[in-house]
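**Q** below: sequence and its predicted model.
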Amino acid sequence: MGIWSDLRVLYHLNLKPIRGSTHAERLEHFYSQQAEVYDVYREKLLLGRRELIRQIEFPRGGVWVDFGGGTGRSLEFIGQSLSELKKVYVVDLCPSLLAIARRRVKSFGWTNVEIVHGDATSFRPPEGYADVVTFSYSLTMIPDWYLALEHARSLLRPGGKIAVVDFYHSRKYPGPMRSRHNWLTRTFWPVLLSRDNVFLSPDQLPYLENKFTTLHITEGFAKIPYILLLKAPYYLYVGSKLPDEP
């Protein structure tokens, strides 16, 4: 582990070509050789994941759907409250990451967690609804993120919570109280991260603010491991579905 595992991840992030004719095939090709060490490096890079979960008030007996949940790492951040949920679904298209998630579930003895090989734009839990839906650094890797968010909204009960943390860049002229990134930030990061099929958007955060009642927003910069002074912009959003919305 340690620096050697980080170097392994960096090789796949920066040097190894990504192949596959479908989105699912490209995900598996990208993650299959780094799944075992995925959480080690991402823990240093993907800021806000723990904070995101701690911002959510999980209802006792509720249903939580974690779209793009990968290795299931986010489940650890909820602590003992996980056992109070009726059901948790970790949904992802990448078998290699889901294999790690299944091992994590077995290790912790979580009996209310189900690992699902499925699509964030179409998976519907057997209950037919969700009380909480999360996207933790997954929305930028979903080709049709609009559809994913609309699907999430359709799953949520009135008053249900949606929580997203991800990379982004601001619009050239963002709305009031929102961060404004300079031209270099708005240009450099989309080009760099698109190499790994991570597509930043200036529209995700405004879309969330428009579609949900905003409860919390954080905008910040995440330090890139091993590269001095280089920081990637990210946002954290928590909102709720309107109580009277069908």
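**A** Cool, got the structure.
**Q** which stretches of the chain form helices?
**A** For the chain, the helices defined by DSSP state H cover 3-14, 23-31, 38-45, 49-54, 95-108, 145-155, 183-194, 204-211.
**Q** so what touches stretch 88-104?
**A** 23-24, 27-28, 31-32, 35-36, 38-39, 63-73, 75-76, 82, 110, 112-120, 123, 125, 138 (Cβ atoms under 8 Å, 6 or more residues apart in numbering). The way it works is simple: take the backbone N, C-alpha and C, and place the C-beta from them, glycine included.
**Q** okay, and which of those map to strands?
**A** 63-67, 113-117 (DSSP state E).
**Q** kindly reformat those as JSON lines containing distance to Arg49 and neighbour count.
**A** Putting the ones in strands among the contacts of stretch 88-104 into JSON lines (distance: Cβ to Cβ, whole Å; neighbours: other Cβ atoms under 10 Å) gives the following:
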{"residue": "Val63", "distance to Arg49": "20", "neighbour count": "24"}
{"residue": "Trp64", "distance to Arg49": "15", "neighbour count": "29"}
{"residue": "Val65", "distance to Arg49": "16", "neighbour count": "27"}
{"residue": "Asp66", "distance to Arg49": "11", "neighbour count": "28"}
{"residue": "Phe67", "distance to Arg49": "14", "neighbour count": "28"}
{"residue": "Val113", "distance to Arg49": "17", "neighbour count": "23"}
{"residue": "Glu114", "distance to Arg49": "21", "neighbour count": "15"}
{"residue": "Ile115", "distance to Arg49": "18", "neighbour count": "21"}
{"residue": "Val116", "distance to Arg49": "20", "neighbour count": "18"}
{"residue": "His117", "distance to Arg49": "22", "neighbour count": "12"}
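**Q** closest to Gly160 out of these?
**A** Ranked by distance to Gly160 (Cβ to Cβ), the ones in strands among the contacts of stretch 88-104 are led by Val63 at 9.1 Å.
**Q** so who does that closest one touch?
**A** Here Val63 is in contact with 85-89, 125, 127, 129-132 (Cβ under 8 Å, 6+ apart).
**Q** tell me which of those fall in strands.
**A** Here DSSP E is the test, and the contacts of Val63 give 87-89, 130-132 as lying in strands.
**Q** related to what we said a few turns ago, need the contacts of Val63 in TSV (columns: neighbour count, pLDDT and distance to Gly159).
**A** Shown next, in TSV, are the contacts of Val63 (neighbours: other Cβ atoms under 10 Å; pLDDT from 0 to 100; distance: Cβ to Cβ, whole Å):
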residue	neighbour count	pLDDT	distance to Gly159
Leu85	21	98	16
Lys86	13	98	16
Lys87	17	98	18
Val88	25	98	19
Tyr89	22	98	19
Pro125	18	98	17
Glu127	15	97	16
Tyr129	15	97	11
Ala130	26	98	12
Asp131	24	98	8
Val132	25	98	11
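**Q** that older thread, kindly give a single ChimeraX line that selects the buried subset of the contacts of stretch 88-104.
**A** If you want just the buried ones from those in ChimeraX, going by 16 or more other Cβ atoms under 10 Å, the selection is:
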select :27,28,31,35,38,39,63,64,65,66,67,68,69,70,71,72,73,75,82,110,113,115,116,118,119,120,123,125,138
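**Q** cool, thanks, talk later.
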